[in-house]
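Colleague: sequence plus the predicted model coming up.
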Amino acid sequence: MSESVGEVTILLKAMAGGDESARDQLLPLVYRELHRLAGIYMRRERPDHTLQPTALINEAYMRLVDSNVNWQNREHFVGTAAMMMRRVLVDYAREHNAQKRGGDLQRVEFQEGIAFCAERSDEVIAVDGALEKLKTENPRLAQVVELRYFAGLSDEQIAALLKISARTIQRDWLAARKWLSQRIR
């Protein structure tokens, strides 16, 4: 695994430097982790959802490799991939909402176990809007929400990624939940 981790970092740096072949070499090394993240997201979807995990991975991966990011390491890439998958699902919900309901938004209560499904696309959009506002006020709190709630990472994994203590992550999570609950009601 550590050899793979080092190889991923080298490929990410090469990709950032413009090496086109690096993106093809990178996918097999990170695919298992991306599939795990996609599985977390898709378990929250309704069973007959038209977006499949592979399509979610592909869309998120294409957005990631086409972005101009100075990749630090594998954890940075995976954390960003989790956020990108959330963006793909939110975009999907917005598109579905626009087609089905004309784009009207409703106020909803923030719930930790919110499911990403067509019946709840308004909630997904409301949570996303509140999260975007939180990013402007406190980017770290927003990042903790994205990594814990949407990516399914543990406090310890988030702490390692953000280089802060797990206890700080727990406090940030509580503060972020309170902030979001107040804004979404």
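Modeller: Now that the structure is in, tell me what you want to look at.

Colleague: where do the helices of this protein begin and end?
Modeller: Along the chain, counting by DSSP state H, helices occupy 2-16, 20-43, 53-65, 74-101, 121-137, 139-145, 155-162, 166-184.

Colleague: so which bits of the third one are buried?
Modeller: Neighbour-count burial for helix 53-65 flags Pro53, Leu56, Ile57, Glu59, Ala60, Tyr61, Arg63, Leu64, Val65 (criterion: 16 or more other C-beta atoms under 10 Å). C-betas here are computed from N, CA, C, even on glycine.

Colleague: which of those sits closest to Leu11?
Modeller: Set against Leu11, the nearest of the buried residues of helix 53-65 by C-beta to C-beta is Val65 (10.5 Å).

Colleague: the nearest residue to that closest one once chain neighbours are set aside: how many residues sit nearby?
Modeller: Leaving aside its sequence neighbours, Val65 sits nearest to Arg23 (C-beta to C-beta, 6 or more residues apart in numbering; 4.5 Å). For Arg23, the count of nearby residues is 17 (other C-beta atoms under 10 Å).

Colleague: use 4 as the first number from now on
Modeller: Taking 4 as the first residue, the last one we looked at is Arg26.
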